[in-house]
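Asker: Sequence isn't available, so here's the structure alone:
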């Protein structure tokens, strides 16, 4: 009798353990499989892809999104892209590079304080072309690692004759890494982050969303369409498929986060304060599905949650659209 009871208890323990939580973290199991004779492969904190851990710099490049700056170069190789309004209806991209090195990036544009909040949390050297007075003051007073293409670090940037200023300043990820090393801006340790990754993602919790439309306002909208063959979303801007200038390949990504937060216009030039330090509501799109989430800022990272549990991202590229509270997102089948 005791043997039968003990066997029943063990079965119940296994069942309960297997059912715990909505989002099962498979990272530890995956990493166990990634052990090799030359060492243990860790996951890149930005992409969740296997890599050899090292102390190379993360870079955040400010990329122009004015109509005259399109198509841009290098957004297709960014691990993470964050899109936020700058002045008026025009957004700007913060493109994060960590897992990949070579290649042209641009046009490079100026930085704002709320982008600096992201760079500080994600351990990134900021590559930019000047900035708002508030942003430049913060860089100086807080000693934020930066390479300014028009103030002191011009040798790591180039002007292209095929475009008119201010839409013609470009750089290269390898150049920026060299600049960071030469300026003593390289980190002492590898970047760490709170994001979770899972090959299954969180689609079991989602609703169909093969087409996504995002409106920042009446004059600017972006969209994403899911491609079942590649299991990625394809980016559209103002109804037109957005491509990389160098390769003419469409911009694609594995995860799309749409996050709502407070925006306040603070001066006559239309500059804004954007609150990325608190929390809010939003959506996560993966594999043609939409998941309603809550987001929090955890040590400078924008983390998706459901019932206070971190929602796993798919390994790969992530794009984050930061919307004002009157912005609009819709999706369908």
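Answerer: Yep, it's here. Computed from a predicted structure; not experimentally measured.
Asker: what does the average pLDDT come to for the helix or strand that contains residue 290?
Answerer: For residue 290, the host element (DSSP states H and E) is strand 289-298. In this model, strand 289-298 has an average pLDDT of 96.
Asker: For it, name the packing helices and strands.
Answerer: With contacts taken as 3 or more CB pairs under 8 Å, 6 or more residues apart in numbering; DSSP states H and E, strand 289-298 sits against strand 207-208, strand 255-261, strand 279-286, strand 301-306. The way it works is simple: take the backbone N, C-alpha and C, and place the C-beta from them, glycine included.
Asker: please redo it, this time with the cut-off set to 10 Å
Answerer: Strand 289-298 sits against helix 113-121, strand 207-208, strand 255-261, strand 279-286, strand 301-306, strand 328-332, with contacts defined as 3 or more CB pairs under 10 Å, 6 or more residues apart in numbering; DSSP states H and E.
Asker: Partner strands of it and their direction?
Answerer: strand 207-208 (antiparallel), strand 279-286 (antiparallel), strand 301-306 (antiparallel) (DSSP bridges).
Asker: out of those, deepest packed?
Answerer: strand 279-286 (a mean of 22; mean count of other CB atoms under 10 Å).
Asker: how far out from the middle of the chain is that strand?
Answerer: 13 Å (CA atoms, centre = their mean, to the nearest Å).
Asker: and the angle from it to strand 255-261?
Answerer: 160 degrees (axes from the mean of the first three to the mean of the last three CA atoms, to 10 degrees).
Asker: and strand 279-286, what's its mean pLDDT?
Answerer: The model assigns strand 279-286 a mean pLDDT of 97.
Asker: Check stretch 157-173 too.
Answerer: For stretch 157-173, the per-residue pLDDT averages 96.
Asker: nearest to residue 42, of the strands paired with strand 289-298?
Answerer: For these, proximity to residue 42 was assessed by CB to CB; strand 301-306 is nearest, at 17.0 Å.
Asker: next helix or strand past the closest one?
Answerer: Counting by DSSP H and E, what follows strand 301-306 is strand 309-310.
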